[in-house]
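Engineer: Give me coordinates for this.
(2 chains)
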Amino acid sequence: MTRRELMRLLVLAAGAPLWLTTRTVAAAQPEGRAAARPLAWIPAGLGESRSARLLGREYLATVPREADREVLRRLLPRLDHREAAGDAPGEPLRRWVRDDFDAGRVVSVRGWLLSRTEARLCALVALGA
Amino acid sequence: MLRDAREVPRASEIEADICVVGAGAAGITLALELRGSGLQVCLLESGGLQRDPGTQTLYQGAIDGVPYYPLDVARLRYFGGTTNHWAGLSRPLDALDFQRRPWIPYSGWPISREELDPHYERAHELCELGAFDYDPALLETESAPRLPVGEDLVVTGMDRWSPPTQFGLAYREDVERASDVAAYLNANVVEVQTDEEGRLVRRLRVATLDGNKFHVSGRLFVLAAGAIENARLLLVSDGVRPHGLGNDRGLVGRFFKEHPSVVGGIFLPTDPDVPLEPYLTGAPTLPDGGRGEAFLTPTPEILERHEILPVKVKLVRTSIQADLRAQMPGLVTAVVAARTEGLTDGLAQHVRAVARHLDNLAIYSYERMFESHVDTRGYHLRHTLDQVPDPDSRVRLIDDRDALGMRRVRLTWKVGEVERRTVREANRILARALGRAGLGRVRELEDDPDTGWPPGMRGSWHQMGTTRMSADPGHGVVDRDCRLHDVPNLYVAGSSVFSTAGYASPTVNIVALAVRLAEHLRTRAREPMASVRSLT
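Structural biologist: Numbering: from 1, shown residues only, chains lettered A, B, ... in the order given. The predicted structure is shown next:
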């Protein structure tokens, strides 16, 4: 399966109509609305369809020295690691995440305790958006 | 025998071998265990067989420090004591709880868990807890095993549930039938009176709310009135020792502790159908017929490495957000995919994979966008923890007096930074264990800026520590036998002797300690008075 085919499948599996609806509604919301209606202990930023981007922004706010795509690329595990034969798609990532948690490389982003790899990938989303 | 103190001849003196103040879990256990010993036991209970508002007001007092329950609500003052409203959660203290730990000042008991072990089986009978077996494997089923979180960060532990046993109801008939136990209802002990040196208790001064007064004398005396009232009784008994009985070093009433309890985080499972039954209230019945439930707790090695307190984390099913995973899988993945066009091929794939892990977060967006409040599966992480013994967390007398002329108390409950750090670290340790296993993610809750804690931090209705047990008289009030360091015929039963308290609910431990104390008293009460006077 090519990357393009995989991506198409993911988008199809995502339920595009609902995603579009959500994105449309999200676009119609003033930026400050979420902050104006906090839902007690429900994380405001993570409650938006821009979850990953917001997570990335938050992470970068606490670690500004990483607010650079090239810096993040260097900090992330080498991306030229191709999946070993027989690996399920995404298995290297799962390994990085598992290793992060195992080694205690945990960061708090808006209260979510994520592996550092997850946070850095979200930061890349934020920088790329 | 059950008697009414209001009918005792005024100014008379009742004699017994052993006098026990308070008919709660500890006092009733002592009475039951001393039956048939050949000793006459006098059990004095302030209240009657049911709650009485007039008697309950004797518990009123002042509060400062961390907010606490009104003192006349947090405790019950009638036959059966506070077991009349306990929930029933039970677990023995862990071996670690008895040990000195360098990072916890004043930690450790002068006895070990092994010394209490022989008494837990009887305590389990009295609390109707089933077998003295806390192996969490008992809770596992083929379809709902314990969480595969490894054993290096956190482990699964187990509580048992008592029905709950209300000691007044459950054991009233036993006490009534015991010819060697005289239980007096409506009998308020207002002073412990000693010899001229204040070194040996001679008798108890008793008053009733309708004005009757008499004394009870004996050889050995036990205060079993609860952690706040035990301290109060010692402090008001200042007829000879100006600072109160057993308080020459000013330690009576200090080291008050609770089990702080707070929802410190949220667990959002990757798979909403992950079987968590053993961890939830209402877990399947145990093979021995008892009831239990599991929790997660950091290992002793992790506690030491992070220099934190024992803490258990209970999963509590809650309504967090709409359960839309099944309906819109990959929502965030799709969003992110659209936003990562500029990324290189390999990186985009990884980003999408991360986003897929975050899909469950997207359900929040549904609730936010559509203002939907559909319930779904998420879990509060309720932390219940020990406290660092703090001499400034304390009970002391105030000038205000109750209807019997006895000075009331002020409770100052303190909760320190180590406690707060323990919750933070426990969240992080859980996040590691659950994340590593691919089970889900943890979110820690924000602090209330006024308290420095997530909203809702409170005590567990467990008052402890005010007459703590210690080998060194400079660090506590009673010795390893629960006897006052300075008063050889006066003992204390109950959670006021807890030096450190772990996270285990106190009742079954109170009962085990009382069973052990009864064994000691059986021997001690037969010794010549000259020996009883000795502090050795």
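
Engineer: Contact partners for the closest residue to residue B:159 other than its chain neighbours?
Structural biologist: Leaving aside its sequence neighbours, residue B:159 sits nearest to residue B:91 (CB to CB, 6 or more residues apart in numbering or on different chains; 4.8 Å). (C-beta placed from N, C-alpha, C; glycine too.) Counting by CB atoms under 8 Å, 6 or more residues apart in numbering or on different chains, residue B:91 makes contact with B:134, B:157-160, B:504-505, B:508.

Engineer: Greatest separation within the residues you listed: which pair is it?
Structural biologist: With distances taken as CB to CB, the most widely separated pair in the contacts of residue B:91 is B:157 and B:508, at 14.6 Å.

Engineer: helix or strand for residue 117, which one?
Structural biologist: Because you didn't say which chain, this covers chain A. helix A:116-128 (DSSP states H and E).

Engineer: You answered for a different chain; I wanted chain B.
Structural biologist: Per DSSP H and E: helix B:113-126 holds residue B:117.

Engineer: quick one: contacts of that helix?
Structural biologist: So helix B:113-126 is contacted by B:29, B:32-33, B:92-95, B:97-98, B:129-132, B:165, B:167, B:171, B:508-509, B:511-513, B:515-516, B:519 (CB under 8 Å, 6+ apart).

Engineer: Among those residues, which are located in helices?
Structural biologist: Using DSSP state H, the subset of those located in helices is B:29, B:32-33, B:167, B:171, B:508-509, B:511-513, B:515-516, B:519.

Engineer: Would you map the helices across chain B?
Structural biologist: Along chain B, the stretches classed as helices by DSSP H are B:25-34, B:53-56, B:71-74, B:113-126, B:167-177, B:227-236, B:300-306, B:331-339, B:345-357, B:359-370, B:417-436, B:507-524, B:529-533.

Engineer: What's the mean pLDDT across the fourth one?
Structural biologist: What that stands for is helix B:113-126. On average, the pLDDT along helix B:113-126 is 98.

Engineer: cool, the first one as well?
Structural biologist: Per-residue pLDDT values across helix B:25-34 average out to 98.

Engineer: Return the distance of that helix from the chain's centre.
Structural biologist: Taking the mean of its C-alpha atoms, helix B:25-34 sits 19 Å from the chain's own mean (CA atoms, centre = their mean, to the nearest Å).

Engineer: One more: the last one?
Structural biologist: Distance, stretch centre to chain centre, for helix B:529-533: 35 Å (CA atoms, centre = their mean).

Engineer: Looking at the ones in helices among the contacts of helix B:113-126, state which has the most neighbours.
Structural biologist: residue B:511 (32 neighbours; other CB atoms under 10 Å in any protein chain shown).

Engineer: got a list of what that one touches?
Structural biologist: Residue B:511 neighbours (CB under 8 Å, 6+ apart): B:25-26, B:29, B:122-123, B:126-127.

Engineer: Please tell me I have it right and residue B:31 contacts residue B:45.
Structural biologist: No - the criterion here is CB atoms under 8 Å, and residue B:31 misses it with residue B:45 at 10.3 Å.

Engineer: Please identify which of these two sits among more neighbours.
Structural biologist: Counted by other CB under 10 Å, residue B:31 and residue B:45 do not tie: residue B:45 has more neighbours, with 31 against 26.

Engineer: Skipping adjacent residues, who's closest to the more buried one in space?
Structural biologist: residue B:23 (3.8 Å).

Engineer: quick one: common contacting residues for residue B:31 and residue B:45?
Structural biologist: B:23, B:183.
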